[in-house]
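>>> what's the 3D shape of this:
(chains A, B, C and D)
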Protein chains: 2
Amino acid sequence: MSYDHKTALAPNMPLITSASELVGNYPKMAITVDCVIFGFEDNKLKVLLIRSDLQMYNDKWSLLGDVTLANEEFEDAAYRILKTRTGMTDVYLEQVRTFSQVARHPGGRVITVAYCSLLNIRHHQLKITDNELHWHSLSSLGDMAFDHQQIIDRCYNWLQKRIQEHPLGFNLLPEKFSLRELQNLYEAILNVELDRRNFRKKFFSMDFLEDTGEFEFDVKHRPGKLYQFNFAKYEKNKRKWIGIDF
Amino acid sequence: MSYDHKTALAPNMPLITSASELVGNYPKMAITVDCVIFGFEDNKLKVLLIRSDLQMYNDKWSLLGDVTLANEEFEDAAYRILKTRTGMTDVYLEQVRTFSQVARHPGGRVITVAYCSLLNIRHHQLKITDNELHWHSLSSLGDMAFDHQQIIDRCYNWLQKRIQEHPLGFNLLPEKFSLRELQNLYEAILNVELDRRNFRKKFFSMDFLEDTGEFEFDVKHRPGKLYQFNFAKYEKNKRKWIGIDF
DNA sequence: ACAAAAGTGTGTACTATTTACACAATGGCA
DNA sequence: TGCCATTGTGTAAATAGTACACACTTTTGT
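Modelled structure (predicted):
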């Protein structure tokens, strides 16, 4: 393949009058979106995977991905993929990073943009489970297709950072939750043990947990109080961070 | 143009045996890399821009960008662009985000991946200045071509966060610098005023500033001590962060 | 009915970190 | 020599983080 496009790098070129002609001559690549969907269940962080439908990777697991369409916003593509693969809608999605290594796909150059989504496994039943779609414990992933292990690692790092600065975790819990559930979530994601009393103190001091007056009911010990997240209070009080520290 | 590609979304398809055939049928898009190069001079954060060579944007400023080549790693593309446009080498570069809005380029769909670079204006003289390449004060950018204002905004936010967690700032200073220079840098980037004594205390306590025994000499007041960054000490002591706070 | 098991709910003392703040010392310049 | 600008330095108070123990509530088993 030989290109004739006028590279923008040639200095002091005459002005380009036709933008479409310029772009028409650009080399083109395939671009996919991959969704890294984290969920939380049995005190474990999980990620949603399917079996790759490429024969060479058929014994490996793969993220939910698809090619992006010519006139489709990437974010829409991510939602489409989620919907088509799992039946889920109404999720929270964020772009994390683009993976572009020349050799990352065995079929040729394919760029992928990773979108990350956190959701409550109970609230988002899988309506479609083709290709063995199911939740995998993050701590025991098998071999992954493509560079998907790397993508998951990046997204997991992103998540660990993100959850310390934004109240994302509440997306992974039922609307009403006990403080223990909240703590389990943080411990699972950050992969640390936290002091129960200090954890409570911390979250109460942030002052957006609302006592529902209700209690846990299906536990085999003293039931804990159930709280809910008060979004309005959070928005009012959220701090902006200045804390140089490295 | 009509595509016949087998979308990965059709459930329970037979296994795909030819990866190349699959990818060959994917829709393709043009992808560019844009470099957001921050520098620091006269106590101001600056960004390197050129005049767009698209006629319709010729009265606007533009990031340093170019199309990525078929077999080129994006990071390499970013370095190539930097080198070709400015003559600079030996810089620090990081991918920040991908901008993919359908309508972001007037000539058709063009995806761009933003790479951010921080460098010392004095140490990296511009060897090429075609297309009116020069440093613009971040606080007084004119109209920008494409969505480049948005890209800069994102990169600036990224920088503000990043510089609080990693000692990037030292890239923007001479090898030997006074604490005042360091503080000016942080104040400029974070857009706040900091207490001089507390700022010093903070950085000394991090214990990677090395007293060079030298002093400033071209200032019209009592010269300050010059320090340098001790990379090895930093690597030894850098903390890992756990601090839920939002 | 009672005891044991499991986990909730609570407070305090200690330490580290952050913040606010003022005055003496140095070199340049007129 | 005196004035200006800016460096260099310490301490007290407030805030945030850490470590830690005991009484209470419910379930389960006998």
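>>> so how many other residues sit close to A:Q164?
18 (other Cβ atoms under 10 Å in any protein chain shown). Glycine gets a C-beta too; all of them are placed from N, C-alpha and C.
>>> and the angle for the helix or strand encompassing it with helix B:148-165?
Per DSSP states H and E, A:Q164 falls inside helix A:148-165. In terms of direction (axes from the mean of the first three to the mean of the last three Cα atoms, to 10 degrees), helix A:148-165 departs from helix B:148-165 by 80 degrees.
>>> How about exporting helix A:148-165 as CSV, limited to the C-alpha atoms?
Taking C-alpha atoms only, helix A:148-165 is exported to CSV below (Å, rounded to 0.1, in the frame of the first residue of the first chain):
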residue,chain,number,x,y,z
HIS,A,148,-6.6,-7.9,27.2
GLN,A,149,-4.8,-8.7,30.4
GLN,A,150,-2.8,-5.5,30.0
ILE,A,151,-6.0,-3.6,29.4
ILE,A,152,-7.6,-5.0,32.5
ASP,A,153,-4.5,-4.2,34.5
ARG,A,154,-4.6,-0.6,33.4
CYS,A,155,-8.3,-0.3,34.1
TYR,A,156,-7.9,-1.9,37.5
ASN,A,157,-5.2,0.6,38.4
TRP,A,158,-7.4,3.3,37.1
LEU,A,159,-10.2,2.0,39.3
GLN,A,160,-8.1,1.9,42.4
LYS,A,161,-7.1,5.5,42.0
ARG,A,162,-10.5,6.7,40.9
ILE,A,163,-12.4,5.1,43.8
GLN,A,164,-10.2,6.9,46.3
GLU,A,165,-11.2,10.3,44.8
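>>> next SSE after it?
Past helix A:148-165, the next helix or strand by DSSP H and E is helix A:179-190.
>>> what about that following helix, near chain B?
Yes - using Cβ under 8 Å from any Cβ of the partner chain, a contact is recorded between helix A:179-190 and chain B, made by A:186, A:190.
>>> what packs against the next helix or strand after that helix?
Using DSSP H and E, the helix or strand that follows helix A:179-190 in sequence is helix A:196-206. Packing partners of helix A:196-206 (3 or more Cβ pairs under 8 Å, 6 or more residues apart in numbering or on different chains; DSSP states H and E): helix A:179-190.
>>> which residues sit against the helix it packs on?
A:40, A:43-45, A:159-160, A:163-164, A:169, A:172-174, A:193-194, A:196, A:199-200, A:203, A:209, A:224-225, A:227, B:242, B:244 (Cβ atoms under 8 Å, 6 or more residues apart in numbering or on different chains).
>>> So which of these reach DNA strand D?
Contacts with DNA strand D within these, as defined by Cβ under 7 Å from any atom of the strand: A:R196.
>>> The contacts of helix A:179-190, buried ones only, as a PyMOL selection?
A single PyMOL command selects the buried members of those (16 or more other Cβ atoms under 10 Å in any protein chain shown):
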select buried, (chain A and resi 40+45+159+160+163+164+169+172+173+194+199+200+203+209+227) or (chain B and resi 244)
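>>> so A:S62 makes contact with A:F146?
Yes - using Cβ atoms under 8 Å, A:S62 makes contact with A:F146 at a distance of 7.0 Å.
>>> The two - which one has more neighbours?
A:F146 (23 against 20).
>>> Show me how chain A divides into domains.
A:30-165, A:173-237 (automatic domain parsing).
>>> what would these look like in TSV with mean pLDDT?
Shown next, in TSV, are the domains of chain A (pLDDT from 0 to 100):
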stretch	mean pLDDT
domain A:30-165	94
domain A:173-237	94
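>>> which residues in chain A form strands?
With strands called from DSSP state E, chain A shows them at A:28-41, A:44-51, A:61-62, A:64-67, A:93-99, A:110-119, A:134-137, A:209-215, A:225-229.
>>> From B:H148, how far off is A:L194?
43 Å (Cβ to Cβ, to the nearest Å).
>>> Check the burial of the residue of chain A found nearest DNA strand D by counting its neighbours.
At 2.7 Å from DNA strand D, A:R222 is the closest residue in chain A, using Cβ to the nearest atom of the strand. Neighbour count for A:R222, taken as other Cβ under 10 Å: 7.
>>> quick one, phi/psi of it?
As for A:R222, its main-chain torsions (degrees, to the nearest 10) stand at phi -50, psi 120.
>>> can you pull up the bridge partners for the residue positioned nearest the centre of chain A?
Nearest residue to the geometric centre of chain A (Cα atoms, centre = their mean): A:C116, 1.7 Å. For A:C116, the beta-bridge partners are A:V36, A:E94 (DSSP bridges).
>>> Who are the contact partners of it?
Neighbours of A:C116 in contact, by Cβ under 8 Å, 6+ apart: A:35-38, A:93-96, A:155, A:158-159.
>>> hmm, 10 Å instead?
By Cβ atoms under 10 Å, 6 or more residues apart in numbering or on different chains, the contact set of A:C116 is A:34-38, A:47, A:78, A:92-97, A:151-152, A:154-156, A:158-159, A:162, A:168.
>>> Also A:V102?
A:108-111, B:69-74, B:76.
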